[in-house]
Structure formats: C-alpha cells, structure tokens
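S.K.: Requesting a structural model of the entry that follows:
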Amino acid sequence: MGGLRLAVAVEKLPFPAPFRIAGRVFEHQDAVVVTLDDGAHRGRGEASGVFYLDDDVPRAAAAIEAQRAAIERGIDREALQRLLPRGGARNALDCALWELEAQRAGRPVWALAGLKPPRQLITTFTLGADTPELMAAGARRYAAARALKLKLTGDLELDAARVRAVRAVRPDVWLGVDANQAYGIAELGRLIAVLVEARVELLEQPLARGCEADLEGCDSPIPIAADESALGLNDIAGLIGRFDTVNIKLDKCGGLTEGLAMAHEARRAGLDVMVGNMMGSSWAMAPAFVLGQLCDVVDLDGPTFLARDRTPAVRYAGGMIWCDEAVWGGPSRRAA
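M.R.: This next block holds a predicted model:
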C-alpha cells in the first residue's frame, strides 16, 4: 500500500448499568479507534484490548503512535503481523486495513476473505453475574433471545442457583456459561453435574490459563471452550485433547487476519469454533461478524451493553445479529 494518513482516537463507551464477571465490574468500555486514509478511501478499526493481559486502551494507542512513521509510509496486513504483536493495537489497525482494502478493491471484506455472502447469525446475549433473582429477571427481559450466556464467579453454590434460576424461567433457550477461570479442577466435576442437570450446552474457560493440562482425561458431557487459554494461532495445538471449542476474539489475537487463520486451523484440528468479543461498538462487532460466518457459536452482543452505539449500527432482532456493509467493510462508500 502507498502512503497513508493515520488518525488515532481514544473513546469512552458508557454502559447504562454496571456489568459484573468473576473478579471485575465494568461501568464503561474504553476503545481506541483507528482511521487509515489514502486520500480516496478510508478504513476504520476499533479495539478495547484485553484487560487481564494489561493490554489496555492507553497502551494500545501508544503502541500505534510508536509505529506511526512505518504505518504512514504504507503498510499491508502481512507487514502488520510483523510490526506489532497480537492485542488491541494490532486489531484496530488490522481491521482498518481490511476495510481500506475493501474500499480500494470495490469488494466487501467477506468476499476478500474468500467467504460466502453473509447470513444472519444467532448470537448469545450475556447476563452478568448477579443474584439468581436478578439474573432470572434479566433472562426474562431477553424475551427474543434464542441463546443466553451466564457469567459465573466460582462460588459453586451461588453459581448453581444462578444457572437453575435462569433455566427455570427460560426452558427454551440454548444456554452456555462462562466461568472466566474461576474454578479449580477439584471442583469441576460438581460444577459439570449442575450444568448437565440444567441442560447447559457450553462451559467456557473453567480453569485458569496455564492449567490446561488439568483437563486431560476430563470426560465432560458438556463441551468445554477455551477463551483465555486461546489467545492466538500458536495456542491451538495446545488445546487438542483438552478443549472442544476455541473462542476467538479479535482483541486477543490481534485482528481479523489472525482470527480467520485461527478458525481454519481449529477446524483442521477437529475443534469447534466460537467468536466472542471484549465489548465495544458496532465497529468492533462488524469484523467479528465476518469471522462469525465460520463459527458454531456466536457471542457478539457487545453493543447491547452500551448506552449508545454507532450510526449505522449492527442490528439485533429475533435473537440474531445482522451487520450491513454500510456499518463497516463495504466496498462502495467512503467511511464516515
């Protein structure tokens, strides 16, 4: 690519209410937004980084600024993989380069990625960890949802009550849980027994990253998904025989380029594929929606936690997500 003009902005995306997971409460989401402009076309990328890796937005913005000269001389996605490590900074730039390439080529990102025309996707809607009563009430409010994901905290008795309360009021939905590394292997059997009883269909990251070997020989009737244990492409080999599903997040792996590579490699390894998110607006969900076309489980509800989203925005209806090319990644418009 020829010379580019780089713009970097840091934004605070407010939540209307706090969101709780194991060990953390979020009241807003910070995001770094990158724009790349060649004078005729522009591409955008948004990233929030990975909080548990200390990959926050100020660090991401600083990492991008440190490479401003190299970026503005002209860079492509292949060169970017060598320029920056995986994480939020590379994700924002990688996604901006995908959209810029789509603008220049006159073809949408999904076509450039070699994918079929996109379809609407069933997405999970996430309930933050709270009292069982409040989580059940939240499940009722998601009346149109076809799939729900519950955040757990590692308190087995309380987590069991949470799962049972939600299942009681929503016997119809696909149900998954995310333990966010809160359990140890000694407790896992008891947790799985509760989940089987409640007809839970996916258990995400029950053990801490670094404890993957503890899952060898764990014959769980519920598929176990790797999230924190699957940061990038190099982690896939270490998941075989321990996990059933790989949760790919663009902020973790550093963009759509590596995300697509992870999905293809996971398939070759016999693993199912999931796409998730680190919160964010429609500009963060849109590239993940492209990746979602290859996935078995889709968790792209990030914008539903925001007080306000982009315009235009991804659309949620009937428990599904749809991203029009006008939101991001289309061929025929100059990005606003």
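S.K.: hang on, Ala168 packs against Met135?
M.R.: No. Here Ala168 does not reach Met135: they are 10.9 Å apart, not a contact under CB atoms under 8 Å. For the C-beta atoms, the positions are set from N, CA and C on the backbone; glycine is no exception.
S.K.: and those two? which has more neighbours close in?
M.R.: Using other CB atoms under 10 Å as the criterion, Ala168 and Met135 rank with Met135 on top: 22 against 12.
S.K.: isn't there a helix covering the more buried one?
M.R.: Yes. Counting by DSSP: H, G, I helix; E, B strand; the rest coil, one finds Met135 located in a helix.
S.K.: Quick check: pLDDT value at it.
M.R.: Per-residue pLDDT puts Met135 at 98.
S.K.: gap between the two ends of stretch 103-116?
M.R.: 19 Å (CA to CA, to the nearest Å).
S.K.: ok, now stretch 120-132?
M.R.: 31 Å.
S.K.: buried stuff in that stretch?
M.R.: By neighbour count with 16 or more other CB atoms under 10 Å, stretch 120-132 contains the buried residues 121, 123-130, 132.
S.K.: in the longest strand seen in the chain, what's buried?
M.R.: Longest strand in the chain by number of residues (criterion: DSSP state E): strand 5-21. For strand 5-21, burial by neighbour count (16+ other CB under 10 Å) applies to 6, 8, 13, 19, 21.
S.K.: what's the answer for stretch 64-81, then?
M.R.: For stretch 64-81, a neighbour-count test (16+ other CB under 10 Å) marks 64, 67, 71, 75, 77, 80-81 as buried.
S.K.: Put the alpha carbons of that stretch into CSV.
M.R.: Extracted in CSV, the C-alpha atoms of stretch 64-81 (Å, rounded to 0.1, in the frame of the first residue of the first chain):
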residue,chain,number,x,y,z
ILE,A,64,0.1,2.5,17.4
GLU,A,65,1.6,6.0,17.8
ALA,A,66,5.1,4.5,18.2
GLN,A,67,4.7,3.0,14.7
ARG,A,68,3.1,6.0,13.1
ALA,A,69,6.0,6.6,10.7
ALA,A,70,6.1,3.0,9.4
ILE,A,71,2.3,2.9,9.1
GLU,A,72,2.0,6.2,7.2
ARG,A,73,4.7,5.2,4.8
GLY,A,74,2.3,2.5,3.7
ILE,A,75,1.6,-0.9,5.3
ASP,A,76,-0.4,-4.0,4.4
ARG,A,77,-1.9,-6.7,6.7
GLU,A,78,1.0,-9.1,6.2
ALA,A,79,3.5,-6.5,7.2
LEU,A,80,1.4,-5.5,10.2
GLN,A,81,1.7,-9.1,11.6
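S.K.: What is the distance between it and the centre of its chain?
M.R.: 24 Å (CA atoms, centre = their mean, to the nearest Å).
S.K.: again with stretch 141-155
M.R.: Centre-to-centre, stretch 141-155 and its host chain are 16 Å apart (CA atoms, centre = their mean).
S.K.: List the buried residues in that stretch.
M.R.: Residues 142, 145, 147-154 are the ones in stretch 141-155 that count as buried (16+ other CB under 10 Å).
S.K.: can you check stretch 181-193 too?
M.R.: 181-183, 187-188, 191-192.
S.K.: repeat for stretch 270-287
M.R.: The neighbour-count check on stretch 270-287 (16+ other CB under 10 Å) flags 271-287 as buried.
S.K.: Just the ones of these in helices?
M.R.: 282-287 (DSSP state H).
S.K.: of those, closest to Ala113?
M.R.: Pro287 (9.9 Å; CB to CB).
S.K.: where's the closest one relative to Leu175, distance?
M.R.: 27 Å (CB to CB, to the nearest Å).
S.K.: and the angle from the helix ranked longest in the chain to strand 5-21?
M.R.: Among the elements of the chain assigned as helix by DSSP H, the one spanning the most residues is helix 88-105. Angle of helix 88-105 versus strand 5-21, following axes from the mean of the first three to the mean of the last three CA atoms, to 10 degrees, is 130 degrees.
S.K.: Helix 88-105 packs against which elements?
M.R.: Helices and strands touching helix 88-105, by 3 or more CB pairs under 8 Å, 6 or more residues apart in numbering; DSSP states H and E, are strand 24-37, strand 42-47, helix 57-66, helix 77-83, helix 109-112, helix 250-253, helix 256-268, helix 282-292.
S.K.: For the last one, output the C-alpha coordinates as PDB.
M.R.: Extracted as PDB, the C-alpha positions of helix 282-292 are listed here (Å, rounded to 0.1, in the frame of the first residue of the first chain):
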ATOM      1  CA  SER A 282     -20.700  -1.900  16.100                       C
ATOM      2  CA  TRP A 283     -17.300  -1.000  14.600                       C
ATOM      3  CA  ALA A 284     -15.800  -3.800  16.800                       C
ATOM      4  CA  MET A 285     -18.600  -6.300  16.100                       C
ATOM      5  CA  ALA A 286     -18.600  -5.900  12.300                       C
ATOM      6  CA  PRO A 287     -15.300  -7.600  11.600                       C
ATOM      7  CA  ALA A 288     -16.200 -10.300  14.200                       C
ATOM      8  CA  PHE A 289     -19.500 -10.800  12.300                       C
ATOM      9  CA  VAL A 290     -17.400 -11.700   9.300                       C
ATOM     10  CA  LEU A 291     -15.500 -14.300  11.300                       C
ATOM     11  CA  GLY A 292     -18.800 -15.500  12.800                       C
END
